[in-house]
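Enquirer: predicted model, plus sequence, below.
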Amino acid sequence: MTDRDLSALLERATEDVVERDFAENAWNAALDGRRSRRRRFVTGAGAVAAAALALAAVQLGGSDDAKPRPAISSTTTASRGTLSDGTAYAVLPPEGKEAQLPDFDAGLPSTIDVRARTEAFSPTRPPASVVAVYLRQDGERFHPVLVTGDGRQLEVAGVALVRTTDASGNQATPLGPRAVGGGGRYVVFPQRDHVVRLDTRTGATVSYPVPSEHVEWAGWNAAGTLVMARSSDGTWAIDPSEPGAPAVAVRNGYEGVFRVTAGDTVPADVRVTRFDPNGTPLESTPVRSPVTGLDGETVNTEQLAATGAFFDQNITSTVIRRGFGPIYQGLLVVEPASGAAKVLLAPENPDGQTGRFKGCCTVLGWADDQTVLFQSVGSHGRWILAWKTTTGEVFDVSRITTGAPDDPATPVALNVGRRD
């Protein structure tokens, strides 16, 4: 094969990779200086070329040892481009194809089986590390289950939690994405008028009263020094290092570095707000995006913010391919300094069948400064996936196995990567 033949083959293999200027200067500036900490992957164009040339693709995950990866097929190759409003997008593969995605090592076990028999937590044999936490239901109560990196599951049966309830009577599972703090030592849970902190080494709990009957969220601030409790009408900061710490009101407070919010207009008035370490709001920046509403919490790095989102189908409809079904939900990533956005579009149905559920995609954290970890839920199961925002590629991290495909989504809190 001549050099000219090879060049032509490479051009054909990468002709669908769209070049775009998506506020790249701002985006790249947000990521500069941190590239040495990133995992190395075959890029989107390189992966397509590698598949076209039938080369054995090797990518590196969370360790220094090379790991063989499956060749990237048409079901896993990043489909990306720019929407009519100028927003850069990538597209998830059809629901049910997650097992065909290449693997991403984020430090989680490949499977989290919430049906499996758990071990009883023992303070004499505490876990060396906790990488995730979920809740196992026992009637009207929930018990925390600690997941270790090697897949052990330790149930803390001595801690019984109830659902949270808002002022309208709507109930939710008491676990949020920032529940784990102290390097995995502590987990916090919202309860109706207090916050419970669990020590994963001893199994001991501490309760912090909150002056509200409808506490719905609890999580650690980015510095890991404060626990923030929130209801729909108030926010309180708790210093867990202080015995009997009071809950101090913080006006319009939030535990994350950034928070993305959306108004009721279509497209929505989307803004991203920065918060100081005490949870107090600072500057707010408008976001350009096709978003009509948001779903779930905002989880951040120091420069980027990610959340679940719903989209204006008048804008996303041009992306639909045969067998994809409607595209009205997915993920939103914002660069707060400029208000620039990228979206991951989640097609609803594979071949006209029931596929992803409403609220399919919830952000759990960041594996590194460019890769979002999120849970994807549909009729073929639920997965923790990774979206590499710089290339649009999506990877398989872990499968969450439940009793039935239509079981409710399993809230999971991670202790890997970042959850600022």
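Expert: Sure, I can see it. Residues are numbered from 1 along each chain as shown.

Enquirer: what's the burial count for residue 400?
Expert: The number of residues packed near residue 400 is 21, by other CB atoms under 10 Å. From N, CA and C alone the C-beta is placed, and that goes for glycine too.

Enquirer: you'd agree it is up against residue 112?
Expert: Yes. Here residue 400 reaches residue 112: they are 5.0 Å apart, a contact under CB atoms under 8 Å.

Enquirer: got any residues that touch both of the two?
Expert: Applying CB atoms under 8 Å, 6 or more residues apart in numbering, one finds that residue 400 and residue 112 are jointly contacted by 384, 412.

Enquirer: point to the residue nearest the middle of the protein.
Expert: Nearest residue to the geometric centre of the chain (CA atoms, centre = their mean): residue 363, 2.2 Å.

Enquirer: any idea how far that one lies from residue 332?
Expert: Taking CB to CB, to the nearest Å as the criterion, residue 363 is separated from residue 332 by 9 Å.

Enquirer: anything in contact with each of those two?
Expert: Shared contacts of residue 363 and residue 332, counting by CB under 8 Å, 6+ apart, come down to 306-308.

Enquirer: in helices, which of those fall?
Expert: Taking DSSP state H, every one of those sits outside helices.

Enquirer: can you redo those as TSV with distance to residue 169, neighbour count and pLDDT?
Expert: Compiled in TSV, these are given as follows (distance: CB to CB, whole Å; neighbours: other CB atoms under 10 Å; pLDDT from 0 to 100):
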residue	distance to residue 169	neighbour count	pLDDT
306	30	28	98
307	25	29	98
308	23	24	98
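
Enquirer: and of these, the nearest to residue 386?
Expert: Nearest to residue 386 out of the shared contacts of residue 363 and residue 332 is residue 306 (CB to CB; 11.7 Å).

Enquirer: which residues are in contact with that closest one?
Expert: By CB under 8 Å, 6+ apart, the neighbours of residue 306 are 298-300, 331-334, 363, 366, 372, 374.

Enquirer: return the subset of the residues you listed lying in strands.
Expert: Mapping the contacts of residue 306 onto strands (DSSP state E) picks out 298-300, 331-334, 363, 366, 372, 374.

Enquirer: now for those residues: which two are most distant?
Expert: 334 and 374 (14.9 Å).

Enquirer: now the helices for the stretch 301-420 of the chain?
Expert: Using DSSP state H, counting those that start in this stretch, the helices assigned to the stretch 301-420 of the chain run over residues 313-316.

Enquirer: show me the shaky parts of it.
Expert: Applying pLDDT under 70 to the stretch 301-420 of the chain flags the ranges 322-323, 350-352, 405-406.

Enquirer: equivalent analysis for the chain, please.
Expert: 1-78, 322-323, 350-352, 405-406.

Enquirer: and for residue 280, the neighbour number?
Expert: Residue 280 has 14 nearby residues by other CB under 10 Å.

Enquirer: and it, what does it touch?
Expert: 250-253.

Enquirer: pick out the most distant pair among these.
Expert: Among the contacts of residue 280, 250 and 252 lie farthest apart (CB to CB), at 7.6 Å.

Enquirer: overlap in contacts, the two.
Expert: Here residue 250 and residue 252 have 235, 280 as joint contacts, going by CB under 8 Å, 6+ apart.

Enquirer: these two - which one has more neighbours?
Expert: residue 250 (22 against 12).

Enquirer: if I look at the nearest residue to residue 380 once chain neighbours are set aside, how far off is residue 415?
Expert: Closest residue to residue 380 apart from its sequence neighbours, by CB to CB, 6 or more residues apart in numbering: residue 96 at 3.8 Å. The spacing between residue 96 and residue 415, counted by CB to CB, is 29 Å.

Enquirer: look at the two and report which has more neighbours.
Expert: For residue 96 and residue 415, the more surrounded residue by other CB under 10 Å is residue 415, and the numbers stand at 25 against 17.

Enquirer: okay but that one is in contact with residue 131, surely?
Expert: Yes. Using CB under 8 Å, residue 415 is in contact with residue 131, at 5.3 Å.

Enquirer: contacting residues for residue 101?
Expert: Contacts of residue 101 (CB under 8 Å, 6+ apart): 76, 93, 385, 394-396.

Enquirer: span of stretch 90-102 from start to end?
Expert: 16 Å (CA to CA, to the nearest Å).

Enquirer: which of the residues in that stretch are buried?
Expert: 90-98, 101-102 (16 or more other CB atoms under 10 Å).

Enquirer: test my guess that residue 179 contacts residue 219.
Expert: Yes. Contact criterion CB under 8 Å: residue 179 and residue 219 qualify, at 6.1 Å.

Enquirer: what backbone torsions are found at residue 184?
Expert: phi 100, psi 0 (degrees, to the nearest 10).
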